[in-house]
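Student: Whatever this is, show me its structure:
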Amino acid sequence: MTDRRILLAAFAAALLGGAGLARAADFELAMVIKETTNPYYNATLQGARIAASEIGGVANNYGPTQSSPQAQIDIINNLADRHIPAIAVAPSDPNAVVPAMKRAARLGAKVITYDADSAPDARPFLVNQATTQSVGKFGADGLANAMGGKGKVAIVSAQPTAANQNAWIAAFRGEMRKYPDITIVDEVYGYDNEQKAFDATVALTTKYPDLGGIYAPTCPGLPAVARALESVNKGRGTVKLAGLCVPSITAKYMLDGTINFFYLWDPVRLGYVTYYAAKYFAEGKIHGRVGDSFTIDKGKFPGTYTILPTHEIITGEPLRYTAENVKENQY
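Tutor: Below is the predicted model:
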C-alpha cells in the first residue's frame, strides 16, 4: 500500500509539473497599442516575438484602427476579463486608461507601460525607449543646425493628451532656448491621423509664410508633414523639417531632401526588452521595484536592464537615420 501511495504521489506530481509547463507555454503578453495602422507598433511587436522565441510564450498587439482612449479602455477591460497574465500599455491618454489598468491588476494581470506612460500610480514601471531629455535634445540640435540657428519654428504633435509627445516637446522647447535667434511660434496636432497632420501643416504654412522649420515628433505624422510641405512647394529644404518616425514610411522624404533630420531609436529592441520585463515580472523574477534588474546573457539584445529611480527601464539612445544607415533599419 505504501508503495502504491508513493507511485500515486509521483504520478500526481508529474501531472502538476506538466500543468505548470503548459501554463508557462500559454503565457501571453498583450501589447495594447495606440493604433494598429501605425507601422511603429509592428516593429515593437517583432521585438517582443523575438524575445518570446527565446524564453517562451507569445506576444500580440491589441489596439484600435484609429487612436482612441476609450477603445484602449475597452480592450484592457476585455483582456482583464480573459485573465491575460501580462499587459503592456502604450496609452493614448495617460489618465483615461488608469481605472482599466488598475482593474486589470486587481484581477491578476501584471500591468506595465511601454513606449508611452500612464499616470504613475497605474503601473510599477515604464519600459522607455530613451530618456526624455535625450529625445528633446537630439531633435532641437538637429533642427537648429538645419536652420542655421535662426528662424521661426512650429511643432506638429500627435495629440494634446499624448504623454510621451508632451514630454519630448517640453524637452525640445527647453533645449531650443540655447538658440536665441530661433522662435517657437505655434504647436498644432494631427491626432495620429495622416490627413489631419497634412491639413494642420498646410494651415501653418499659410498662417506663417516665413516659417523656417517644423518639428514633428509623431509617427505617422512626420511623413504627412513632409507631403504637405511638398504640396505647397515648401519641401526640399525650403521649410526645414525634423522629427521622429519609422524609416519604412519616412526615409524617402529624407532621401529627397524634404526631411532634413529624422531619428528614432530601435523599436524592435523596445518590444524585446518589454517582453522580457513583463514575463519576468509575471514570474516573480523581478517585483517592479526601483533597483530590480535582469540580465540577458544570450539573445538578440544582451545586457542588464534596471528599473531606475524614475521607475523606468531605458532600452537605448536616439538614432539618426541617414542615407548610409537607413537600408539596414527598415522597420
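Student: Spell out the residue ranges of the helices in the protein.
Tutor: Assigned by DSSP state H, the helices in the chain fall at 2-25, 40-55, 69-81, 98-106, 132-146, 163-176, 194-207, 221-231, 251-255, 267-282.
Student: Redo the ones you listed as a markdown table? Include distance to residue 118, mean neighbour count and mean pLDDT.
Tutor: All C-beta spots, glycine's among them, are computed from the backbone N, C-alpha and C. Shown next, in a markdown table, are the helices of the chain (distance: least, Cβ to Cβ, whole Å; neighbours: other Cβ atoms under 10 Å; pLDDT from 0 to 100):
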| stretch | distance to residue 118 | mean neighbour count | mean pLDDT |
| --- | --- | --- | --- |
| helix 2-25 | 28 | 10 | 36 |
| helix 40-55 | 17 | 21 | 96 |
| helix 69-81 | 10 | 19 | 97 |
| helix 98-106 | 6 | 19 | 98 |
| helix 132-146 | 15 | 21 | 96 |
| helix 163-176 | 7 | 20 | 94 |
| helix 194-207 | 24 | 18 | 97 |
| helix 221-231 | 22 | 25 | 97 |
| helix 251-255 | 32 | 19 | 95 |
| helix 267-282 | 14 | 26 | 97 |
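Student: Quick check: which of the ones you listed is nearest to residue 245?
Tutor: helix 221-231 (4.0 Å; Cβ to Cβ).
Student: Run through the neighbouring helices and strands of that closest one.
Tutor: strand 151-157, helix 194-207, strand 211-216, strand 240-244, helix 251-255 (3 or more Cβ pairs under 8 Å, 6 or more residues apart in numbering; DSSP states H and E).
Student: for the longest one, packing partners?
Tutor: Contact here means 3+ Cβ pairs under 8 Å, 6+ apart; on that basis helix 194-207 packs against strand 151-157, strand 182-189, strand 211-216, helix 221-231.
Student: And it, how far out from the chain middle?
Tutor: Centroid separation between helix 194-207 and its chain, computed with Cα atoms, centre = their mean, to the nearest Å, is 24 Å.
Student: Now it - C-alpha only, CSV.
Tutor: Extracted in CSV, the C-alpha atoms of helix 194-207 (Å, rounded to 0.1, in the frame of the first residue of the first chain):
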residue,chain,number,x,y,z
GLU,A,194,-2.2,61.4,-41.6
GLN,A,195,-4.8,63.7,-43.2
LYS,A,196,-5.2,65.8,-40.1
ALA,A,197,-1.4,66.2,-39.8
PHE,A,198,-1.3,67.1,-43.5
ASP,A,199,-4.1,69.7,-43.1
ALA,A,200,-2.6,71.2,-40.0
THR,A,201,0.8,71.7,-41.8
VAL,A,202,-0.8,73.4,-44.8
ALA,A,203,-2.6,75.7,-42.3
LEU,A,204,0.7,76.5,-40.6
THR,A,205,2.4,77.5,-43.9
THR,A,206,-0.5,79.8,-44.6
LYS,A,207,-0.5,81.4,-41.1
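Student: Specify the angle between it and strand 240-244 in degrees.
Tutor: Our comparison of helix 194-207 with strand 240-244, counting by axes from the mean of the first three to the mean of the last three Cα atoms, to 10 degrees, yields an angle of 150 degrees.
Student: Please list the outside residues in contact with helix 194-207.
Tutor: 154, 156, 186, 188-191, 211, 214, 216, 218, 220-221, 223-225, 227-229, 231-232, 234, 239 (Cβ atoms under 8 Å, 6 or more residues apart in numbering).
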